[in-house]
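# quick check, what structure comes out for this input:
(2 chains)
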Number of protein chains: 2
Amino acid sequence: MTYLDLLKRRYATKKFDGTRITDSQLKQLKEAIRLSPSSFNIQSWKVLVISDAATKEKLKPLSWDQEQITTCSHLFVFCVPTDAKKHLDSLLAAMRKAGTEERRVAGFGKMVGGSIESRTPAQLLSWMQRQAFLPLMSLMSEAADLGLDSCPMEGFDSEAYAKALDLKGLVPTVLCPVGHAADTPQPKFRFEEKDIFV
Amino acid sequence: MTYLDLLKRRYATKKFDGTRITDSQLKQLKEAIRLSPSSFNIQSWKVLVISDAATKEKLKPLSWDQEQITTCSHLFVFCVPTDAKKHLDSLLAAMRKAGTEERRVAGFGKMVGGSIESRTPAQLLSWMQRQAFLPLMSLMSEAADLGLDSCPMEGFDSEAYAKALDLKGLVPTVLCPVGHAADTPQPKFRFEEKDIFV
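Down below sits the predicted model:
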């Protein structure tokens, strides 16, 4: 399938059939997230993958009672770190561990550190959050490539999620349940090309 | 190629060879943007596609002098509308034009309108901007699928771009030059799986 075929195939699945995806599929979905690009390669996301029924039941009322939460196989919760500097430090440490030469690590740390310092806390959170929409799109694309279904969801109570999942230093930003659809896609509506390209 | 192959293939191209992509490729790149999902299907992006040398030369100094701007084939400038309500109205009009029944259009307009009204102007801009990172990822994926190269870029002066391109009511948010690479990819560095999935 071409990438355009994947984009045409996918749709925001409103109900899944409750069956589980395979371990191999889960691994590939995670890899699509992991490989995603981001500004400065900041990779400003941590992802919870929830598959147990009890946690899903707990999260459903915090998600406008949408049944994707309880009927999906795995619920991906994309979070963003609250402490950007600490996140950058962990990135620099991982680069060193992977054998990146110190000169490059130091230059990168200085450049990205400067960018972090130039932003207000609200701007910084917003900037890290928008990066998370790149792996979100990768995840939806990979799901379509594997013949799975998914649904991007911003309709949930982020603070209540953080509390329910006992998350420290992370802001739940966007959800993506994945599984096998049990609904019928609505016709896809998009602007015409002439309305988008100005 | 699998989607994971596309993700492995792509990299942030720092220099292109200046050759043009074909009209058919351009059409497919635009279609990947057009088909992208978004929260509420808000499609909060307008995209300029710049291919003439004079405009690229004008934009280069507004983009930290990065040579992707002048060496690419086509520069995609993702913008977000400043007036979310007006954007919503245009979306509702397009839905009506496409034959969506009035009951659905009205319900959708009420729901999304309520969400827009619940946000501050800064939150609204930030929300619309993060949606634009979904078609950005689709564009990079489609470019890889076509054997083309691309580079996501936030390093540019948004206000100066708006002025140089005479944009009214649009906020330039992120760039993506596309073309044929003339550089060599650096090794891809990513966090390990265990560092991402918490």
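
# tell me the mean pLDDT for stretch A:141-153?
For stretch A:141-153, mean pLDDT rounds to 98.

# then stretch A:82-94?
Stretch A:82-94 shows a mean pLDDT of 97.

# enumerate every residue touching the nearest residue to A:S38 once chain neighbours are set aside.
The spatial neighbour of A:S38 that comes closest, neighbours along the chain excluded (C-beta to C-beta, 6 or more residues apart in numbering or on different chains), is A:Q131 at 4.2 Å. Bear in mind the C-beta positions are built from the backbone N, C-alpha and C, glycine included. By C-beta atoms under 8 Å, 6 or more residues apart in numbering or on different chains, A:Q131 lies in contact with A:S38, A:S39, A:I42, A:Q43, A:S44, A:W45, A:V80, B:F133.

# how about these in TSV, adding secondary structure, neighbour count and distance to A:E101?
TSV is the format used below for the contacts of A:Q131 (DSSP: H, G, I helix; E, B strand; the rest coil; neighbours: other C-beta atoms under 10 Å in any protein chain shown; distance: C-beta to C-beta, whole Å):
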residue	secondary structure	neighbour count	distance to A:E101
A:S38	coil	21	22
A:S39	helix	21	22
A:I42	coil	18	20
A:Q43	coil	26	20
A:S44	coil	26	24
A:W45	coil	27	26
A:V80	strand	24	29
B:F133	helix	27	31
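
# distance to A:S51 added to those residues, as CSV?
CSV is the format used below for these (distance: C-beta to C-beta, whole Å):
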residue, distance to A:S51
A:S38, 26
A:S39, 31
A:I42, 28
A:Q43, 23
A:S44, 24
A:W45, 19
A:V80, 22
B:F133, 26
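
# among these, which two are most distant?
Taking C-beta to C-beta as the measure, the contacts of A:Q131 span a maximum distance of 13.8 Å, between A:Q43 and B:F133.

# returning to what we had before: give me the pLDDT for the residue nearest to A:S38.
98.

# can you check A:M1 too?
What the model reports for A:M1 is a pLDDT of 89.

# next one: the residue nearest to it when sequence neighbours are not counted relative to A:F76, how far apart?
In space, and not counting its chain neighbours, A:M1 is closest to A:D145: 7.0 Å by C-beta to C-beta, 6+ apart. Computed as C-beta to C-beta, to the nearest Å, the A:D145 to A:F76 distance reads 16 Å.

# same thing with A:E67?
17 Å.

# in terms of neighbours, single out the busier of the two.
Neighbours around A:E67 and A:F76, counted as other C-beta atoms under 10 Å in any protein chain shown, are more numerous at A:F76. The numbers are 26 against 15.

# that one sits in which helix or strand?
With secondary structure defined by DSSP states H and E, A:F76 is part of strand A:74-81.

# now do the longest strand seen in chain A, average pLDDT.
The residue-count maximum for a strand in chain A (DSSP state E) belongs to strand A:170-179. Average pLDDT, strand A:170-179: 98.

# and the helix or strand just after it, how far from the chain's centre?
Proceeding N to C from strand A:170-179, the next assigned helix or strand is helix A:193-196, under DSSP H and E. In terms of C-alpha atoms, centre = their mean, to the nearest Å, the centre of helix A:193-196 is set 27 Å apart from its chain centre.

# now do stretch A:74-94
With C-alpha atoms, centre = their mean, you get 12 Å for stretch A:74-94.

# in it, what's buried?
Neighbour-count burial for stretch A:74-94, counted by 16 or more other C-beta atoms under 10 Å in any protein chain shown, picks out A:74-82, A:84, A:87-88, A:91-92, A:94.

# next: stretch A:146-154.
By 16+ other C-beta under 10 Å, the buried positions in stretch A:146-154 come out as A:L146, A:L148, A:D149, A:S150, A:C151, A:P152, A:M153.

# fine by me, we can end here.
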